[in-house]
Every structure is written in structure tokens, then in C-alpha cells.
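Asker: sequence and predicted model, in that order:
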Amino acid sequence: MPTAVRVRQHGGPEVLEVAEVDTAAPGPGELTIDVAAAGVNYIDTYLRSGVYPHDLPFTLGQEGAGRVSAVGGEVREFAVGDRVAWQGALGGYARQAVIPAGAAVRVPDGVSDEVAAAVMLQGMTAHYLVASTYPVQPGDTVLVHAAAGGVGLLLVQLARARGARVLGTVSTAEKERLAREAGADEVIRYTEVDFAEQVRRLTGGEGVAAAYDGVGRSTVDGSLASLRPRGMLALFGAASGPVPPLDPQRLNAAGSVFLTRPSLPHYTATRAELDWRAREIFDAVTSGSLHVRIGASYPLSEARRAHEDLEGRRTTGKLLLLP
């Protein structure tokens with residue numbers, strides 16, 4: 001029987017339970033994957049805690065990579081032995097996972113299982129933010145919060161590749177070093193200064209074209225204050241907690257700015273869009289233009305520690321579980 005990390009009740013990292021589970025045979029339109037690597041993401045902590053409600057019990061994990069070990073009926077695009085990666089289907093924190101074939105993409109030669117698992121959710125999130133939510137144009141100045149985090153490091157690189165000047169926020173000297181190595185033009189220690197004031201200073205008072213904010217409650221006010229007139233605040237996460245209700249009149253007062261709360265499922269709604277984003281990310285990895293930092297890897301038995309490290313902001317880059 002395969003091992004999996006189960007959630008039987010909502011709560012803190014202590015509720016994560018390693019258990020032996022039966023893996024059902026894949027049904028029509030499904031694949032069974034022998035999981036080589038599973039990504040650890042903030043959305044996992046929301047599901048674990050109940051911020052995002054889900055029927056109990058369940059196996060955690062929204063993304064992973066491995067080999068197809070069984071194919072359900074009506075699946076034509078994959079075969080046993082194929083290397084695949086996926087995001088958006090639960091079950092990744094396990095030795096085996098059954099997922100919809102529609103969530104999977106092929107992993108090209110030259111991309112390891114670890115890197116494939118590391119870029120499915122965070123890489124495609126960074127891609128939709130800079131390519132679709134606010135399509136970065138050459139000469140734009142953009143703000144990236146948590147610039148040394150998993151999404152942040154990828155965002156910095158992708159925005160720079162599209163010709164942007166990137167301002168990043170971080171909390172420590174080590175994270176500043178990583179953000180600069182990724183290509184951030186300016187790095188602001190938000191724990192030491194008012195980052196919105198620094199953004200205004202660094203942009204000559206104009207503000208940024210877009211603020212990519214996955215932090216949420218503690219940064220949203222400063223992000224709004226950092227925008228240029230008709231700028232875009234893309235609030236794609238809430239690592240510091242949910243954002244309180246916001247009066248739309250504040251968007252007018254900030255300069256007729258835009259606020260959006262995007263999520264990856266809406267930007268991978270079709271097979272064509274999913275394949276496009278995955279292909280562009282994998283191509284960037286194989287060409288060497290996108291570097292993926294895997295900050296830490298843990299066995300399944302240490303999933304609790306992975307969540308504690310993530311929520312304690314003790315991490316940089318991507319966290320993986322290696323079944």
C-alpha cells in the first residue's frame with residue numbers, strides 16, 4: 001500500500017498524518033502516477049487549515065511529477081511509462097496519485113522530475129501574471145513582493161525577460177542576494193523601510209505599472225500606494241492573511257487603478273492554454289533562461305516540517321516532497 005500525507009481534520013501543521021492508503025485504479029479519463037516529486041505551496045496550507053474548505057479526509061498536494069503507471073479508459077494522449085507533471089488536482093503528497101489526464105502535461109527531456117514539479121503551479125502562476133494578467137511591456141517598472149520566494153524568483157526572471165525594470169521586496173540580506181541574482185534591479189527590505197515610499201522614490205514619484213502581490217493583508221495597502229495612475233494590482237495570494245473588504249473608491253483615489261484577484265485555474269481553463277503555458281515555462285528552463293531554485297526537499301514523513309518552514313517564512317525558492 002502506498003504512503004500518503006492525509007488531512008483528517010483542519011488545523012495547523014500538526015494535523016498532517018502519514019498513512020498507508022489504497023490507491024484506486026484510474027477511472028475513465030484518469031491516470032495513476034508514481035510520484036517522484038510533489039510541490040509544496042501556500043494553497044496547501046489554506047486547504048489544510050480550512051481557509052479553503054474541503055471534504056475530509058483527503059490527501060494533500062496540488063502538483064507533482066512522475067511516471068504514468070496505469071491509464072484509465074478514454075485516455076488517448078498518455079501511455080504507461082510517460083513522464084508527466086500536473087497541477088490543480090489533489091493527491092500529490094503520496095507515493096502514487098490518481099489525477100485527471102486533463103491536468104497532466106508531458107515533461108520534456110532535459111527537465112528533471114524535481115524541476116517539473118517545482119514549476120507547474122508556481123511557474124505557470126508567474127507566467128500568467130506577466131503574460132496575461134498584466135502583460136509586461138518593455139520599459140515597464142513592476143513591483144514583485146516576496147521576490148526570493150518560489151513564485152517571486154520566477155516572476156523576477158520572467159518580467160525581466162519581457163523588458164521590465166523589477167523592484168523586489170524581501171525581508172533579509174540572504175533573500176536580497178537571491179532576488180538580485182534572479183535579476184531584480186532594486187531590492188527593498190520591507191521590514192526596515194516603508195516600501196511604498198521607496199517605490200515612489202525609485203520611480204521618480206510615478207509609481208509602478210503593476211504590483212504582483214502574493215502576500216496579502218500586510219502589503220495590500222502599500223501595493224495600492226505604489227501604483228502609477230491606471231496601474232494594476234494583481235493580488236494572487238495571501239501569505240500574510242486574507243485581505244479585508246476594500247472600498248472601490250480607494251481605486252479611484254489611487255489613480256483609477258485596477259485590482260484583480262486572479263487564480264491559475266482561470267488561466268489554464270482550456271487544454272490549449274495549459275499546454276501553452278507549460279511549453280513556454282519548460283522551454284525557458286531547457287534553454288537556461290529560467291533558473292528554478294529548489295530551496296529545500298523533504299521526505300513525505302517531514303511534510304509537517306515543510307509546512308512549518310513555509311509558514312514561518314524560513315524558506316526561499318521552491319519546497320518539494322520526495323516520496
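Answerer: Received, thanks.
Asker: every contact and neighbour count from this point should use C-alpha atoms.
Answerer: Fine.
Asker: got the domain ranges for the chain?
Answerer: 3-119+292-321, 138-261 (automatic domain parsing).
Asker: where in the stretch 101-250 of the chain is pLDDT low?
Answerer: The model of the stretch 101-250 of the chain has no residue with pLDDT under 70.
Asker: re earlier: wait, which of the domains of the chain is closest to Val285?
Answerer: domain 3-119+292-321 (7.3 Å; CA to CA).
Asker: and the helices in the stretch 201-323 of the chain?
Answerer: For the stretch 201-323 of the chain, the helices defined by DSSP state H, counting those that start in this stretch occupy 220-226, 249-253, 264-267, 271-287, 303-311.
Asker: packing partners of the first one?
Answerer: Helix 220-226 sits against helix 195-202, strand 208-213, strand 227-235, with contacts defined as 3 or more CA pairs under 8 Å, 6 or more residues apart in numbering; DSSP states H and E.
Asker: rewinding a little: would you list the domains of the chain in a markdown table and tack on mean neighbour count and distance to Thr270?
Answerer: Formatted as a markdown table, the domains of the chain follow (neighbours: other CA atoms under 10 Å; distance: least, CA to CA, whole Å):
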| stretch | mean neighbour count | distance to Thr270 |
| --- | --- | --- |
| domain 3-119+292-321 | 20 | 9 |
| domain 138-261 | 20 | 19 |
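Asker: who wins for proximity to Leu129 among these?
Answerer: domain 138-261 (7.6 Å).
Asker: for Val193, give me phi and psi.
Answerer: Backbone torsions for Val193, taken as degrees, to the nearest 10, come to phi -140, psi 170.
Asker: again, but for Tyr42
Answerer: According to degrees, to the nearest 10, Tyr42 has phi -60, psi -30.
Asker: that one contacts Gly241, correct?
Answerer: No: if you go by CA atoms under 8 Å, Tyr42 and Gly241 don't touch, sitting 11.0 Å apart.
Asker: helix 303-311 and the strand ranked longest in the chain, what's the angle between them?
Answerer: The longest strand of the chain (DSSP state E) is strand 30-40. For strand 30-40 against helix 303-311, the angle by axes from the mean of the first three to the mean of the last three CA atoms, to 10 degrees is 50 degrees.
Asker: for Ser223, give me its contacts.
Answerer: 196, 211, 213, 233 (CA atoms under 8 Å, 6 or more residues apart in numbering).
Asker: try 10 Å
Answerer: Applying CA atoms under 10 Å, 6 or more residues apart in numbering to Ser223 gives the contacts 143-145, 195-196, 199, 207-208, 210-213, 216, 232-235.
Asker: how much space between it and Ala211?
Answerer: 6 Å (CA to CA, to the nearest Å).
Asker: please enumerate the shared neighbours of the two.
Answerer: Joint contacts of Ser223 and Ala211 (CA under 10 Å, 6+ apart) are 143-145, 232-235.
Asker: please identify which helix or strand holds the residue most central in space within the chain.
Answerer: For the chain, the residue nearest the mean C-alpha position is Gln122 (2.7 Å; CA atoms, centre = their mean). Per DSSP states H and E, Gln122 falls inside helix 121-128.
Asker: now for that helix, which elements pack on it?
Answerer: strand 30-40, strand 63-71, strand 83-87, helix 113-119, helix 150-161, helix 264-267, helix 271-287 (3 or more CA pairs under 10 Å, 6 or more residues apart in numbering; DSSP states H and E).
Asker: and the angle from that helix to strand 83-87?
Answerer: Using the same axes, to 10 degrees: helix 121-128 against strand 83-87 is 70 degrees.
Asker: immediately after helix 121-128, which helix or strand?
Answerer: strand 141-144.
Asker: list the neighbouring strands of that next one plus their orientation.
Answerer: Sheet pairing for strand 141-144, assigned by DSSP bridges, gives strand 165-170 (parallel), strand 208-213 (parallel).
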